[in-house]
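[1] Build me a model from this:
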Amino acid sequence: MPERKSIWLRPTKAGRGRPSLDLDRIVTAAVALLDEESVAGLTMRKLAERLGVPPMTLYGYIATKDDLLEYALDAVFAETLEDAEPRAIWRAELAAIGRRTFEALLRHHWAAALVGDNPPMGPAAVAQFGAILRVLTAAGFTGERLESATTGFYYYVLGAALAESAWAGTSSTVAELTADLPRLSSADGAEIAPAAEFLTGYAKADAGQRFERGLGAILDGLRPA
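    Below is the predicted model:
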């Protein structure tokens with residue numbers, strides 16, 4: 001099977017649908033449907049019903065569901081660009097970027113997992129990544145330090161969003177989750193109590209506070225030179 005090329009690396013496709021329909025309206029409706037039913041629940045037929053058009057109309061704008069998911073993911077990254085006012089201290093500016101990204105990915109619980117499927121290459125994702133590089137470069141990061149700082153920060157934010165989305169997506173209550181933790185076992189035969197105790201506190205804590213503490217630890221370790 002030939003490798004699928006990202007929608008952002010292909011020539012732009014002109015829409016052939018009704019004048020009342022455009023790509024932005026399609027993507028907005030898709031994001032709303034994804035928020036309600038996640039990736040498995042998104043179909044072209046459901047989306048067409050929501051937009052009030054025949055399903056085939058959508059194919060005049062978007063060829064496949066995978067293409068639609070790329071558009072939807074970039075719409076989420078566009079939310080991370082809001083309120084992007086420069087700050088005097090690089091650490092505060094980087095923290096603001098991380099916070100906006102984490103919150104956007106958590107609002108749209110399906111989005112973080114998509115980043116792992118295909119690298120985000122849309123205009124908003126590129127702008128967000130470029131903002132990270134500009135902040136670090138202006139702070140004096142260069143060469144390997146720039147690479148490691150960018151990697152550490154970016155991976156932490158995306159990883160935290162993915163982990164928190166998994167916790168938020170479970171149908172179990174916190175009480176149910178923590179009650180079942182003692183049943184866990186460790187493949188190396190080690191005592192499970194320390195891990196169970198940690199996870200009990202983790203499950204009961206606020207996701208935003210957890211993120212801020214981890215973000216602070218990451219930023220504390222970044223040094224331009």
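[2] Next, residue 6: phi, psi?
    phi -50, psi 140 (degrees, to the nearest 10).
[3] burial count for it?
    Close neighbours of residue 6, defined as other Cβ atoms under 10 Å, add up to 14. Glycine gets a C-beta too; all of them are placed from N, C-alpha and C.
[4] List the buried residues in the biggest helix by length in the chain.
    In the chain, with assignment by DSSP state H, the single longest helix is helix 143-169. Using 16 or more other Cβ atoms under 10 Å as the test for burial, helix 143-169 gives 146, 149-150, 153-154, 156-158, 160-165.
[5] what packs against that helix?
    Secondary-structure packing of helix 143-169 (3 or more Cβ pairs under 8 Å, 6 or more residues apart in numbering; DSSP states H and E): helix 90-107, helix 111-117, helix 123-138, helix 207-220.
[6] Which helix or strand lies directly C-terminal to the helix or strand bottoming out on mean pLDDT in the chain?
    Least confident helix or strand of the chain, by mean pLDDT, DSSP states H and E, is helix 174-180 with a mean of 67. Once the chain leaves helix 174-180, the next helix or strand it forms, by DSSP states H and E, is helix 193-204.
[7] I'd like to know which elements that following helix is packed against.
    With 3+ Cβ pairs under 8 Å, 6+ apart as the test, helix 193-204 has helix 174-180 packed against it.
[8] List the residues that contact residue 164.
    102, 106, 207, 210-211 (Cβ atoms under 8 Å, 6 or more residues apart in numbering).
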